[in-house]
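Visitor: My questions concern the predicted model and sequence given below.
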Amino acid sequence: MKRKVIDSFDGEFQFLSNFYPYTSKKGLEDGCEALKLHYDGLVFDSSEHAFQAAKSLRFEDRKKVQEAVSAYKSKRAGRKIQIRDDWDLVKKGVMSDVVCIKFRDLKLQKMLLETGDAYLIEGNYWHDNTWGDCSCDKCKKIVGRNWLGLILMEERDKIRELLHVFYSPHSSATESEKAFLVAAYFHCGQFYGSGEHKYPYSMHFTNVSMRCETSVAKITATLHDVIEDTELTLKDLELMKFSPEVIAAVECMTHRENESYEDYLVRAVSNPISKEVKLADVTENLSNTKSLKKERREKLEKKYAAALEFLKGE
């Protein structure tokens, strides 16, 4: 049976394009929303914005690209910034990271999976034979590398494998292993800290987990920010078959919208598991304030010291 080919990232398959959800050079069409894609400490409106910004190591250049009103204009802005020396070496890896983060969105993830086993080609007419395959008369004898299409298919395969681990009753992963995979996948592209002391978020939840003693607390620590900072919900954790104890503790660890920090701490200590995790979380946060500017450092140290006093006193 001949394999289906999708060779145009337009129309119903426009979501495969890095320019999605932009279909206009001016900005978003009515009813469309930007992606709000977290990458390297900034939030971008499309994967094209994120990719173009990554060309530079200068924060001011990356901000210029981030602020572009459309994906088209972010690409134009990316041509006017200071390109990092190693860009040709890292650009394919950057694209893989950006695509991975984009398809953490559960709606887009479902759409990608619905392409089945179709071969994905970014067909184009603008002579791009690196990320796609141009079909113009000038390029018709050239076989494009189609890096974007290949990355999308790799991501599709990876999502299928992860969904088996996350949801299948036949998965051999332990609850602890599953928690780490879930947290690492959904926190991908997020960072802890700032400036030279900025680290992948996986380091934060791993360090908090290591400060906990009980196994259920370690699992909760690994997942403690997934509801607050990613697309996941408590219902998703239920569907993934995490234990009721872990889900209840994660709920207590999740800072609700418009909830004061004091009320949040009261909820956190109401559950013995979340209390253990919150103690570890605050202790970890306090240990990472030394690199901050004085005013910010002193403000956070005061906040965390008061939180520790309250948590230890309850």
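Guide: Yep, it's here. Numbering: from 1, shown residues only.

Visitor: Please determine how far the nearest residue to Asn129 once chain neighbours are set aside is located from Leu16.
Guide: Nearest residue to Asn129 in three dimensions, chain neighbours excluded: Gly144, at 3.8 Å (Cβ to Cβ, 6 or more residues apart in numbering). Every C-beta, even on glycine, is put in place using the N, C-alpha and C of the backbone. Using Cβ to Cβ, to the nearest Å, one gets 15 Å for the distance from Gly144 to Leu16.

Visitor: When the two are compared, which one has more neighbours?
Guide: Leu16 (24 against 21; other Cβ atoms under 10 Å).

Visitor: so the more buried one touches Ile121, yeah?
Guide: No - checked against Cβ atoms under 8 Å, the pair Leu16 and Ile121 is beyond contact range at 10.0 Å.

Visitor: Could you name every residue contacting both of those two?
Guide: When contacts are counted by Cβ atoms under 8 Å, 6 or more residues apart in numbering, Leu16 and Ile121 have Ile6 as shared neighbours.

Visitor: from memory the residue nearest to Asn129 sits against Cys136, does it?
Guide: No - using Cβ under 8 Å, Gly144 makes no contact with Cys136, being 11.2 Å away.

Visitor: what ranges do the strands span in the stretch 151-300 of the chain?
Guide: Counting by DSSP state E, counting those that start in this stretch, the stretch 151-300 of the chain has these strands, from start to end: 191-192, 199-200.

Visitor: Note down every partner strand of the last one and its orientation.
Guide: To tie it back to what came earlier, the one meant is strand 199-200. Sheet pairing of strand 199-200 (DSSP bridges) gives strand 191-192 (antiparallel).

Visitor: and the strand it pairs with, average pLDDT?
Guide: For strand 191-192, mean pLDDT is 82.

Visitor: Would you work out how far apart the start and end of stretch 250-262 are?
Guide: 17 Å (Cα to Cα, to the nearest Å).

Visitor: Same check on stretch 136-145?
Guide: So stretch 136-145: terminal residues 15 Å apart, Cα to Cα.

Visitor: Now find how far off-centre it is within its chain.
Guide: 34 Å (Cα atoms, centre = their mean, to the nearest Å).

Visitor: Give the buried residues for that stretch.
Guide: By neighbour count on 16 or more other Cβ atoms under 10 Å, the buried set for stretch 136-145 is Cys139, Gly144.

Visitor: Then stretch 190-208?
Guide: Buried residues in stretch 190-208 (16+ other Cβ under 10 Å): Gln190, Phe191, Tyr192, Gly193, Tyr201, Ser202, His204, Phe205, Thr206, Asn207, Val208.

Visitor: Identify the residues contacting that stretch?
Guide: With Cβ under 8 Å, 6+ apart, stretch 190-208 has contacts from 38, 40-41, 180, 183-184, 187, 221-225, 229, 277, 280-281, 284, 288, 291-292.
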